[in-house]
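S.K.: Below: sequence and its predicted model.
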Amino acid sequence: MSFKGSEPKSIDMPTGPGIYLYWLPLGAGGSFVRFNGRVFEFIQARIERRAPRDLYHTALVVIVPAGRFVIENSWPIPDAEGPARGVAVEGPVFGRSLGHFEVFRYEVRRWRDGVIADQAEAVESPQCVSRDPEKAQRLLELVDSVPPMVWGRDEQSAGDMWNSNSVISFLLARSGVPTGPISPPPNGRAPGWHAGIVMASRYAGRPSGRSLEPLA
């Protein structure tokens, strides 16, 4: 996947209250993740009898009167300083039993004045998906309620695996941001995006402000 027609460009810093979405090429800055993503997409494309597409990972910048926050899912987890990154939720990778080992856990961050490591590689970003300050505040409050689903699996039969894109679409949908108009850059795909929207509908009406256990 070469990202033809979707070349990174200079990234403007978002200003003003709102929710801003970043499309980050999968594996930007890391050859291991990039290689495995290409293998995954090649196999998936063969199964679905289509041409391979560019894969994207998503992150958010949320600006409210209290400050600027980066919302992102990260795996593997850095060695230390979790509180400084605003870690709100941790979940297992590939299997619940593997989650006992730090190398098989991911973290969901609500990082005040944080950074997106691969921001310079973002494509057609940032996209402002809402300028509603109430939706922005609600999204920040909902980060604690992200369910610690198993990364890389579809344990809830949502029709898509749970991953970093699921976390972002889950938060957008639960905060009232319309997700229908949102789509990756041309020839792009965001695996897991659908799972987040499905799970947001299933969790609708449940309490927020704390991590939700996966639905039985």
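M.R.: Okay, I see it.
S.K.: Leu139: what's it in contact with?
M.R.: For Leu139, the contact set (Cβ atoms under 8 Å, 6 or more residues apart in numbering) comprises 19, 60, 62, 71, 171-172, 174-175, 177. For every residue, glycine as well, the C-beta is placed using N, CA and C.
S.K.: no wait, Leu140
M.R.: 62, 64, 69, 71, 110.
S.K.: any idea how far it is from Phe69?
M.R.: 6 Å (Cβ to Cβ, to the nearest Å).
S.K.: ok, now Val93?
M.R.: In this structure, Val93 and Phe69 are 24 Å apart, going by Cβ to Cβ.
S.K.: before we move on, what about Ser125?
M.R.: 16 Å.
S.K.: Likewise for Ser97?
M.R.: From Ser97 to Phe69 the distance is 32 Å (Cβ to Cβ).
S.K.: all helices for the chain, in order.
M.R.: 31-48, 133-142, 164-174, 193-203 (DSSP state H).
S.K.: Generate TSV for the contacts of Leu139, with pLDDT, neighbour count and distance to Pro185 as supplementary columns.
M.R.: As requested, the contacts of Leu139 are exported to TSV (pLDDT from 0 to 100; neighbours: other Cβ atoms under 10 Å; distance: Cβ to Cβ, whole Å):
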residue	pLDDT	neighbour count	distance to Pro185
Ile19	97	28	18
Leu60	97	24	16
Val62	97	24	21
Ile71	97	28	20
Leu171	97	25	21
Leu172	98	27	17
Arg174	96	22	24
Ser175	96	24	23
Val177	97	20	19
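S.K.: quick one on the thing from earlier: pick out the shakiest of the helices of the chain, pLDDT-wise.
M.R.: Note on those: lowest mean pLDDT is at helix 31-48, with a mean of 56.
S.K.: measure the nearest residue to Ser164 once chain neighbours are set aside to Pro65 for me?
M.R.: Closest residue in space to Ser164, ignoring its immediate chain neighbours: Asn73 at 3.6 Å, by Cβ to Cβ, 6 or more residues apart in numbering. Remark: distance between Asn73 and Pro65 (Cβ to Cβ) = 25 Å.
S.K.: Settle it for me: which of these two has more neighbours?
M.R.: Higher neighbour count among Asn73 and Pro65: Asn73, with 23 against 8, using other Cβ atoms under 10 Å.
S.K.: Tell me, what's the model's pLDDT at the more buried one?
M.R.: 92.
S.K.: what does Pro184 give?
M.R.: 94.
S.K.: That one contacts Ala190, doesn't it?
M.R.: Yes: applying Cβ atoms under 8 Å as the test, Pro184 and Ala190 come out as touching, 5.0 Å apart.
S.K.: Spell out which residues are contacts of both of these two.
M.R.: Counting by Cβ under 8 Å, 6+ apart, the residues touching both Pro184 and Ala190 are 23, 56.
S.K.: which of those two has more neighbours?
M.R.: Neighbour count, other Cβ under 10 Å: between Pro184 and Ala190, Ala190 has more, with 26 against 19.
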